[in-house]
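Trainee: Okay, sequence plus prediction incoming.
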Amino acid sequence: MTAIRQIEVDLPCGAFYDLAHLVMDLNGTITVDGELIEGVLERLKAISEVLNIHIITADTNQTVDSVREQLASIPDIVFHSLKSGRGDLQKLEYIESIGREHTAAIGNGCNDALMLKEAALGLCIMGREGASIEALLASNAVFPHICDALDIFLKPSRLIATLRK
């Protein structure tokens, strides 16, 4: 039996987040040049207790298998590989298939912008690879590092502090 995973955050301004899924881009978001960023594994293990984790990728650096092995200790993590073509539309379709109204998304590239905009909560990572203007403008919040963005799910009061009006 699969455990129900969910984070509910009620902002003082009337906004309410009922999140069940965290969808993240791979390259430039949780990896740099194909290498898992330090601190990501530990945070994802903790977040997997409260959210379903999905990693979506076009596998630009051909490293998804290596990352999958590094994250093998996280139960029920889902990897989704994109086909060639419009990655932005495929990412949007993916979050729609799992319920975008219950999904937080994290990314940094042009092909993440639709996913970030349409997810219940879109977070952009600046990171070492930078971030596209499209991803920045489509997001609810921007973070300088992936670990800062992941921490918002472990300490929801940060989400309240950032997004309250």
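Mentor: That came through fine. Numbering: from 1, shown residues only.

Trainee: which stretches of the protein form helices?
Mentor: With DSSP state H, the ranges of helices along the chain come out as 40-47, 64-70, 87-98, 113-118, 133-138, 146-154, 156-163.

Trainee: The fourth one: how far from the chain's middle?
Mentor: Relative to the chain's own centre, helix 113-118 is displaced by 11 Å; criterion: CA atoms, centre = their mean, to the nearest Å.

Trainee: in the worst-scoring helix or strand of the chain on mean pLDDT, what counts as buried?
Mentor: When each helix and strand of the chain is scored by mean pLDDT, DSSP states H and E, strand 7-10 comes last, with a mean of 79. Residues of strand 7-10 classed as buried by neighbour count (16 or more other CB atoms under 10 Å): 7, 9. To be clear about C-beta, it is placed using only N, CA and C from the backbone, and glycine gets the same treatment.

Trainee: Which elements pack onto it?
Mentor: strand 16-19, helix 156-163 (3 or more CB pairs under 8 Å, 6 or more residues apart in numbering; DSSP states H and E).

Trainee: Dump the ones you listed to CSV, plus mean pLDDT.
Mentor: What follows is the helices and strands packed on strand 7-10, written out as CSV (pLDDT from 0 to 100):
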stretch, mean pLDDT
strand 16-19, 86
helix 156-163, 86
